[in-house]
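have a look; sequence and predicted model below, questions after that.
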Amino acid sequence: VVMGLVCGAFNGTLVAHLSIQPMVATLILYSAARAIGLLICNDLIVYVRNPSFAFFGSFAGPIPTPIIITAICIVIISLILKKTALGMYIQSVGINSKASRIAGLNSRLLIFLAYTLCGLFAAIAGIVASSRITSADSNNIGLYLEMDAILSVALGGNSLGGGKFNLAGSIIGAYTIQAITTTLYALGISSIQAPVFKAIIVILIVVIEAPPFKSFVGRISAANAAKGVKA
């Protein structure tokens, strides 16, 4: 958890203070952290035979523990984003960082806090993923999850450029991506080929959200409306 906070703070520093593009900064940290993990583990799978650790990936009675942890995290995030000033400030900075700064908000600090919180919850997800297989596997755990995260957010109706967020939409998007992944595997598509199909979906979403495409669609709609009026 501490390492998650450190990684989130590092990512927040890259974005907030060094003005590096968020996607680029995240990929930098992703590549570096995975490489560091491989070095620490000497490119080996480290097994953790601890019942307390395994509990996070097992069951609490009839209910899977990861579901309980996920529900708690969703409630906490929802309260932060919807019921606190911090959530409103984060949304304001996401929509227009310069305007927020002019209005008196410390946009750099807010961005830093947002990425630090993201690192915290990513660490919790990592603990759950590791506990399910009772090992630390730097080679495979979380592999290609960045693609699923992008797709979940985009399918949930959130802008990839930042701004207003839709937590419920992101959750639905995550389940949709998992359903797509399960379907691809059921159709006999390997785990190596599946990211190709997901990448195609990402490209389509990015193209649809691009201002030139929206402008093009708007011109077509206006032209069709004009034809309808003339008719």
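Thanks, I have it.

got the CA positions of stretch 218-225 in PDB?
Coordinates of each C-alpha in stretch 218-225 appear next as PDB, following Å, rounded to 0.1, in the frame of the first residue of the first chain:
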ATOM      1  CA  GLY A 218     -22.300  17.800 -36.800                       C
ATOM      2  CA  ARG A 219     -21.900  19.100 -40.400                       C
ATOM      3  CA  ILE A 220     -23.600  16.000 -41.800                       C
ATOM      4  CA  SER A 221     -26.500  16.400 -39.300                       C
ATOM      5  CA  ALA A 222     -26.900  20.100 -40.100                       C
ATOM      6  CA  ALA A 223     -26.900  19.300 -43.900                       C
ATOM      7  CA  ASN A 224     -29.500  16.600 -43.400                       C
ATOM      8  CA  ALA A 225     -31.600  18.900 -41.300                       C
END
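
could you pick out the longest helix of this protein?
helix 107-132 (DSSP state H).

for that one, which helices and strands make contact with it?
The contact analysis (3 or more C-beta pairs under 8 Å, 6 or more residues apart in numbering; DSSP states H and E) places helix 107-132 against helix 2-16, helix 51-54, helix 65-83, helix 85-95, helix 97-102. (Glycine included, C-beta is placed from N, CA and C.)

quick one: mean pLDDT over it.
The average pLDDT within helix 107-132 is 90.

can you list the buried residues in it?
Counting neighbours by 16 or more other C-beta atoms under 10 Å, one finds that the buried residues in helix 107-132 are 107-108, 110-120, 122-132.

any residues touching stretch 122-133, and which ones?
1-5, 7-8, 48, 53-58, 65-66, 69, 73, 136-137, 141-142 (C-beta atoms under 8 Å, 6 or more residues apart in numbering).

may I have the phi/psi pair for Asn140?
phi -120, psi -30 (degrees, to the nearest 10).

still on that earlier bit, filter the contacts of stretch 122-133 down to the buried ones and express that as a ChimeraX selection.
A single ChimeraX command is used to select the members of the contacts of stretch 122-133 judged buried by 16+ other C-beta under 10 Å:
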select :4,7,8,54,56,57,65,66,69,136,137,141,142
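
just how off-centre is stretch 87-94 within its chain?
The chain centre lies 17 Å from the centre of stretch 87-94; the measure is C-alpha atoms, centre = their mean, to the nearest Å.

who's in contact with that stretch?
With C-beta under 8 Å, 6+ apart as the test, stretch 87-94 has contacts from 80-81, 99-100, 103, 105, 107, 110-111, 113-114, 162-165.

pull the most distant pair out of those.
Ile80 and Ala99 (22.1 Å; C-beta to C-beta).

coming back round to it: and which of the contacts of stretch 87-94 is nearest to Arg34?
Closest approach between the contacts of stretch 87-94 and Arg34, by C-beta to C-beta: Ala114, at 22.5 Å.

that closest one contacts Gly12, correct?
Yes. Assessed by C-beta atoms under 8 Å, Ala114 is found in contact with Gly12 at 7.0 Å.

now name the helix or strand holding the residue nearest the centre of the chain.
In the chain, the residue lying closest to the centroid (C-alpha atoms, centre = their mean) is Ala149, at 3.9 Å. Using DSSP states H and E, Ala149 maps to helix 145-155.

elements contacting that helix?
helix 22-40, helix 167-186, helix 194-209.

so how far is the second one from its chain's centroid?
Spelled out, that is helix 167-186. Worked out by C-alpha atoms, centre = their mean, helix 167-186 lies 13 Å from the chain centre.

pLDDT weak spots in the chain?
In the predicted model, the chain carries pLDDT under 70 at residues 160-163, 228-231.

can I see the domain layout of it?
Per automatic domain parsing, the domain ranges recorded for the chain read 1-142, 144-231.
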